[in-house]
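*Asks:* Below are the sequence and a predicted model for it; my questions follow.
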Amino acid sequence: MTTPPLKVLVLCTHNRCRSILFEAIARAEAGPEVSVRSAGSEPAGEVHPATLEALTRAGISTEGLRSEGWDSYEAWDPEVVITVCDRAAQEPCPLWLGPAQRLHWGLPDPSLLEGTEQREAFAEVIAAIRARLPDLAALAATHTRR
């Protein structure tokens, strides 16, 4: 019998840049041991266009990505919640997250920059997320399922 994938919810306040990047990269590269979704406490309602461009440049699919609120995942019952922006890390998580393990893997917001600086910042954030994927795999390997 195979173990179900570890459910990971990545949170950022507006769910339009960093959490979306994390979701897309993890879906593409983390393997079947993890199932990753992203959401926000105050979702913008759209993914930042530069986020989609950066993912495309990195060869990562943008299909199905959308900005949505964390209440969209109430019934999903994540086992790990990762905040990627400092603001979201300080917000009270909804009670329904229950015993989910909470981690903060802060990332700078590349969408705040413009031009060449923005493009370089997106590349750096993508590299930082990719560097975290082994940590995600380790969590999946050792996490006690509820």
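*Replies:* Received the coordinates, thanks.
*Asks:* Run a quick neighbour tally on the nearest residue to H14 once chain neighbours are set aside.
*Replies:* Excluding the flanking residues, the one nearest H14 by C-beta to C-beta, 6 or more residues apart in numbering is A44, at 4.3 Å. Placement of C-beta: from N, CA and C, glycine included. Neighbour count of A44, defined by other C-beta atoms under 10 Å: 16.
*Asks:* For A44, give its distance to R18.
*Replies:* With distances taken as C-beta to C-beta, to the nearest Å, A44 is found 12 Å from R18.
*Asks:* And G31, by the same measure?
*Replies:* Applying C-beta to C-beta, the value for G31 to R18 is 21 Å.
*Asks:* Can you find the helix or strand of this structure with the lowest average pLDDT?
*Replies:* Sorting the helices and strands of the chain by mean pLDDT, DSSP states H and E puts helix 86-90 at the bottom, at a mean of 62.
*Asks:* following that one, which helix or strand comes up?
*Replies:* Tracing the chain C-terminally past helix 86-90 and defining elements by DSSP states H and E, one meets strand 101-104 next.
*Asks:* So which elements touch that following strand?
*Replies:* Other elements packing on strand 101-104 under the criterion 3 or more C-beta pairs under 8 Å, 6 or more residues apart in numbering; DSSP states H and E are strand 80-83.
*Asks:* what distance separates the strand it packs on from the centre of its chain?
*Replies:* 8 Å (C-alpha atoms, centre = their mean, to the nearest Å).
*Asks:* any idea where the helices of the chain begin and end?
*Replies:* Applying DSSP state H to the chain gives helices spanning 18-29, 49-57, 86-90, 115-142.
*Asks:* The first one packs against which elements?
*Replies:* When contacts are defined as 3+ C-beta pairs under 8 Å, 6+ apart, helix 18-29 packs onto strand 6-11, strand 34-39, helix 49-57, helix 115-142.
*Asks:* Could I get those in CSV, plus columns for mean neighbour count, mean pLDDT and distance to P108?
*Replies:* Below are these laid out as CSV (neighbours: other C-beta atoms under 10 Å; pLDDT from 0 to 100; distance: least, C-beta to C-beta, whole Å):
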stretch, mean neighbour count, mean pLDDT, distance to P108
strand 6-11, 25, 94, 15
strand 34-39, 22, 96, 17
helix 49-57, 17, 98, 13
helix 115-142, 15, 95, 7
